[in-house]
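S.K.: Structure here, sequence nowhere to be found:
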């Protein structure tokens, strides 16, 4: 069980903190607790803006920062200029986090701050090379050190009254591309448009996996019938995003299922 008191104590010990703030449940919880413990003058929530960040997530970061009184900054990361990232090998996330750490360096240097990421204990069991990139450049993982799992984060967020407690996970758009398919602006835009259209139809938890002309839709198993019931609308929305074929994965939504097993 995550220890909120230990998390606060750890953050107080850091003094000045830059929180990598994506707007997801984990980073939002970390940003809120850090802001509450240290105050907005010693905590900066930083959102990495790039083509792999969905516009809706960007907007929600801004809104959350306003709601919670966070000191919030955007940094524009340059991973798309890196051939190693574009190549989309299994280490793609390494180069993404490396670009983030590079972008926040001026803020860190000016404030004498430590970068904190919302990594939880469950994340350690997945293929997350970005964690190593961040660690190599001095980032810390306070939620791990305080013993928080994903469920702990959601439970504590709910107890604190944070609206992000049940927010569906929204990994970067590049995670929808199987390894080996190069990351391009066009592919990211197709994924974002298709997912935004399906969310507008009420499917909050989903992934549109990009297989070139084919889109593979994943939703929770208990919502598969709803997708089928709205077949015509779903097909039209996804084809409007540039896909020729539209498929529904009967196994259901599985976060990170493109990662090596």
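M.R.: Okay, I see it. On a predicted model such as this, the values are computed, not experimentally measured, just so you know.
S.K.: Now for the residue lying closest to residue 87 once chain neighbours are set aside: which residues touch it?
M.R.: Of all residues not flanking residue 87 in the chain, residue 182 sits nearest, at 6.3 Å (C-beta to C-beta, 6 or more residues apart in numbering). Glycine gets a C-beta too; all of them are placed from N, C-alpha and C. Taking C-beta atoms under 8 Å, 6 or more residues apart in numbering, we find residue 182 in contact with 86-88.
S.K.: Now the helix or strand encompassing residue 94: buried residues?
M.R.: Residue 94 belongs to helix 92-111 when elements are defined using DSSP states H and E. For helix 92-111, burial by neighbour count (16 or more other C-beta atoms under 10 Å) applies to 92-101, 103-104, 108, 111.
S.K.: related to what we said a few turns ago, with neighbour count, pLDDT and secondary structure as added columns, please give the contacts of residue 182 in a markdown table.
M.R.: Compiled in a markdown table, the contacts of residue 182 are given as follows (neighbours: other C-beta atoms under 10 Å; pLDDT from 0 to 100; DSSP: H, G, I helix; E, B strand; the rest coil):
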| residue | neighbour count | pLDDT | secondary structure |
| --- | --- | --- | --- |
| 86 | 16 | 97 | helix |
| 87 | 15 | 97 | helix |
| 88 | 19 | 96 | coil |
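S.K.: Quickly name whichever of these is closest to residue 49.
M.R.: Nearest to residue 49 among the contacts of residue 182 is residue 86, at 17.8 Å by C-beta to C-beta.
S.K.: Tell me where the stretch 51-200 of the chain has strands.
M.R.: Here the stretch 51-200 of the chain has its strands, by DSSP state E, counting those that start in this stretch, at 72-76, 114-116.
S.K.: which of the ones you listed is buried the deepest?
M.R.: Among the strands of the stretch 51-200 of the chain, ranked by average contacts under mean count of other C-beta atoms under 10 Å, first place goes to strand 114-116 (a mean of 22).
S.K.: residues making contact with that strand?
M.R.: 11, 14-20, 30, 34, 101, 104, 108, 134, 137-142.
S.K.: Could you do stretch 99-111 as well?
M.R.: 16, 18, 20, 44, 46, 48, 50, 73, 75-79, 82, 85, 113-115, 133-134, 137-139.
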